[in-house]
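Colleague: Predicted model and sequence follow; I will ask about them next.
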Amino acid sequence: MSGDLDHRPTTHFERELPRRDFLRLTATIAGAFTMAACGGGTSTLLGAGTDFKVGLILPSSGIYARLGDSIRKGMLLYLDEVSNQGGGRRILTLDEDEAAGNMSIPLAKARKLVEQDRVDMIAGLVASQSALAIHNYVDINRVPTLIANASTNALSRSRKSAFVYRTSFSNWQHSQPMGRYLADKGIGRLGLVYSDDQTGAETAAAVKETYSGMVVAEVRTPVPNANGDFTPFISQINSARPEAMYVFFTGADAAAFLRQARTKLDKSIRVVGSGFLVEQDVLRAIGGAAPVGAVTGLHWAQTLDNRGNRDFTTRFSKTFGRTADVYAMQGYDTARVIVEALNAVKGKTDDVATFMRAVSRVSFKSPRGDFKFDANSNNVINPLYVRELVSDPKAGYTNKVVRSLPSVADPGK
């Protein structure tokens, strides 16, 4: 872990925008981007020393491709709102495939972005393993880094770095308050179903911190579940006869699990869990298999009734032709942190320590609510919304906020 901002060798960086997203955006977004194909070198059109370059490491293939696509789109949406400018500098992006699941690839991509493409900052990273894979490299080399999704608790605790801030969440933040909420609602017998990885384990542990009822089963599933068959795991839950099952899955695994649970899960067992289980990306994929009535906790909901969220969701839908999701919101806020920090230092980023202090002090009204970093963890302090999945005549399957829990800061230890 590093906390010393001022006594390391300085590295200089650059970055550019992915061609495929430029082509998607030009029909609806007016803005002058300088383009380079993914993995290409620095364009001769770039003004040396004037552009602020962000290297995006996000999955564009594999089971997390949808998540990466949403984060990327959210970032580009906000950058367009500010005409791709921050602190008087043009902001460009260079995109690399995270290829989540192979820890050697994100590190290789980070090295390429820093040492060949000379980016000023790295952002993105969906999988916790990917964020941990590049951690030592960006920490030692003083590379400003914004984590837009990866959620392992360690990034806010034992692996906290003065050069790494997280705009998304920690695994602890969502689930620790939900254990108490479920117990208060009278659920006395709970089953836990989660991915057999660090994220799943940390999520389950957080629930158990505050859940005072009886955990009657803990069911871990492979990551990824190669054959997509969740039937044996659903049978284990049925046999334990819980009143509710708390589920943590995301993306394609969440969609596959819910499709099978629709017909195979005992109808008496309530579906509760992390909000990613029924986030908009999953609901788009499963259609009528959506578990109406599911109660989940998350730091955002499409239906949040604040001006920032209404503007964000409306513009996202008009620009990209689909509903925004939590990952798009995280990308949107990540881009805003970059812009706000650049504005604060008037575009001067040669002093990395000063720039990172500007990052740490960023605060604004986000679509999720108030956005502010916690100095104890370098992690955003998140509101937590309890949501119920409903079938709305106009909006379709969506999560309605039924309660707001107090803002939650990761303990940082």
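Modeller: It's in. Here the structure is a predicted model, which is why all the values come from computation and not from measurement.
Colleague: Pull the number of nearby residues for residue 128.
Modeller: As a burial measure, residue 128 scores 23 neighbours (other CB atoms under 10 Å). Bear in mind the C-beta positions are built from the backbone N, C-alpha and C, glycine included.
Colleague: so it makes contact with residue 147?
Modeller: No: with contact defined as CB atoms under 8 Å, residue 128 does not count as touching residue 147 (9.3 Å).
Colleague: so what's in contact with the two at the same time?
Modeller: When contacts are counted by CB atoms under 8 Å, 6 or more residues apart in numbering, residue 128 and residue 147 are jointly contacted by residue 155.
Colleague: Would you agree residue 269 is in contact with residue 246?
Modeller: No: between residue 269 and residue 246 there is no contact under CB under 8 Å: 10.9 Å.
Colleague: tell me, what's touching the two both at once?
Modeller: Residues touching both residue 269 and residue 246 by CB under 8 Å, 6+ apart: residue 191.
Colleague: Between those two, which is the more surrounded one?
Modeller: Regarding residue 269 and residue 246, a neighbour count based on other CB under 10 Å identifies residue 246 as having more, with 31 against 19.
Colleague: Just the pLDDT for that one.
Modeller: The model reports residue 246 with a pLDDT of 98.
Colleague: dump the residue contacts of it.
Modeller: Contact partners of residue 246, counting by CB under 8 Å, 6+ apart, are 175, 178, 182, 190-193, 204, 207, 272-274.
Colleague: export those to JSON lines and tack on distance to residue 409, neighbour count and secondary structure?
Modeller: As requested, the contacts of residue 246 are arranged in JSON lines below (distance: CB to CB, whole Å; neighbours: other CB atoms under 10 Å; DSSP: H, G, I helix; E, B strand; the rest coil):
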{"residue": "175", "distance to residue 409": "15", "neighbour count": "27", "secondary structure": "helix"}
{"residue": "178", "distance to residue 409": "16", "neighbour count": "26", "secondary structure": "helix"}
{"residue": "182", "distance to residue 409": "21", "neighbour count": "26", "secondary structure": "helix"}
{"residue": "190", "distance to residue 409": "25", "neighbour count": "25", "secondary structure": "strand"}
{"residue": "191", "distance to residue 409": "29", "neighbour count": "23", "secondary structure": "strand"}
{"residue": "192", "distance to residue 409": "24", "neighbour count": "26", "secondary structure": "strand"}
{"residue": "193", "distance to residue 409": "27", "neighbour count": "27", "secondary structure": "strand"}
{"residue": "204", "distance to residue 409": "21", "neighbour count": "22", "secondary structure": "helix"}
{"residue": "207", "distance to residue 409": "18", "neighbour count": "28", "secondary structure": "helix"}
{"residue": "272", "distance to residue 409": "23", "neighbour count": "26", "secondary structure": "strand"}
{"residue": "273", "distance to residue 409": "22", "neighbour count": "29", "secondary structure": "strand"}
{"residue": "274", "distance to residue 409": "18", "neighbour count": "28", "secondary structure": "strand"}
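Colleague: Out of those, which one has the weakest pLDDT?
Modeller: residue 175 (93).
Colleague: Okay, domains of the chain per the record?
Modeller: Under the assignment automatic domain parsing, the domains of the chain span 17-169+306-380, 172-298+384-408.
Colleague: Looking at those domains, which one is packed in the most?
Modeller: Per residue and on average, the most neighbours among the domains of the chain fall to domain 17-169+306-380, with a mean of 21 (mean count of other CB atoms under 10 Å).
Colleague: Can you classify residue 55 by secondary structure?
Modeller: strand (DSSP: H, G, I helix; E, B strand; the rest coil).
Colleague: Test my guess that it contacts residue 115.
Modeller: No: no contact is recorded between residue 55 and residue 115 when judged using CB under 8 Å, the distance being 10.9 Å.
Colleague: Which secondary structure state does residue 256 sit in?
Modeller: Assigned state for residue 256: helix (three-state reduction, three-state DSSP).
Colleague: so who does it touch?
Modeller: Per CB under 8 Å, 6+ apart, neighbours of residue 256: 225, 228, 230.
Colleague: Could you check how far it is from residue 282?
Modeller: Distance, residue 256 to residue 282, using CB to CB, to the nearest Å: 10 Å.
Colleague: What segments of the stretch 201-350 of the chain are helices?
Modeller: Applying DSSP state H, counting those that start in this stretch to the stretch 201-350 of the chain gives helices spanning 231-240, 251-264, 280-286, 307-320, 326-344.
Colleague: Would you mind getting the angle between the fourth one and helix 326-344?
Modeller: With axes from the mean of the first three to the mean of the last three CA atoms, to 10 degrees applied, the angle from helix 307-320 to helix 326-344 works out at 110 degrees.
Colleague: Give the other helices and strands that helix 307-320 contacts.
Modeller: helix 65-81, helix 326-344, strand 363-366 (3 or more CB pairs under 8 Å, 6 or more residues apart in numbering; DSSP states H and E).
Colleague: again, 10 Å this time
Modeller: Using 3 or more CB pairs under 10 Å, 6 or more residues apart in numbering; DSSP states H and E as the contact test, the elements touching helix 307-320 are helix 19-25, helix 65-81, helix 326-344, strand 363-366, strand 369-374.
Colleague: now the angle from the second one to helix 307-320?
Modeller: If I follow you right, that is helix 65-81. Note on geometry: by the same axes, to 10 degrees, helix 65-81 and helix 307-320 are set 110 degrees apart in direction.
Colleague: could I have helix 65-81 exported to PDB, CA atoms only?
Modeller: Output for helix 65-81, consisting of C-alpha atoms alone and laid out as PDB, is shown next (Å, rounded to 0.1, in the frame of the first residue of the first chain):
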ATOM      1  CA  ALA A  65     -18.600  -7.100 -22.500                       C
ATOM      2  CA  ARG A  66     -22.000  -5.500 -21.800                       C
ATOM      3  CA  LEU A  67     -20.800  -4.000 -18.600                       C
ATOM      4  CA  GLY A  68     -17.800  -2.500 -20.300                       C
ATOM      5  CA  ASP A  69     -19.900  -1.200 -23.100                       C
ATOM      6  CA  SER A  70     -22.200   0.600 -20.700                       C
ATOM      7  CA  ILE A  71     -19.300   2.200 -18.700                       C
ATOM      8  CA  ARG A  72     -17.700   3.300 -22.000                       C
ATOM      9  CA  LYS A  73     -20.900   4.900 -23.200                       C
ATOM     10  CA  GLY A  74     -21.600   6.600 -19.900                       C
ATOM     11  CA  MET A  75     -18.100   8.200 -20.000                       C
ATOM     12  CA  LEU A  76     -18.400   9.400 -23.600                       C
ATOM     13  CA  LEU A  77     -21.900  10.800 -22.800                       C
ATOM     14  CA  TYR A  78     -20.500  13.000 -20.100                       C
ATOM     15  CA  LEU A  79     -17.500  14.000 -22.100                       C
ATOM     16  CA  ASP A  80     -19.700  15.200 -24.900                       C
ATOM     17  CA  GLU A  81     -21.700  17.300 -22.400                       C
END
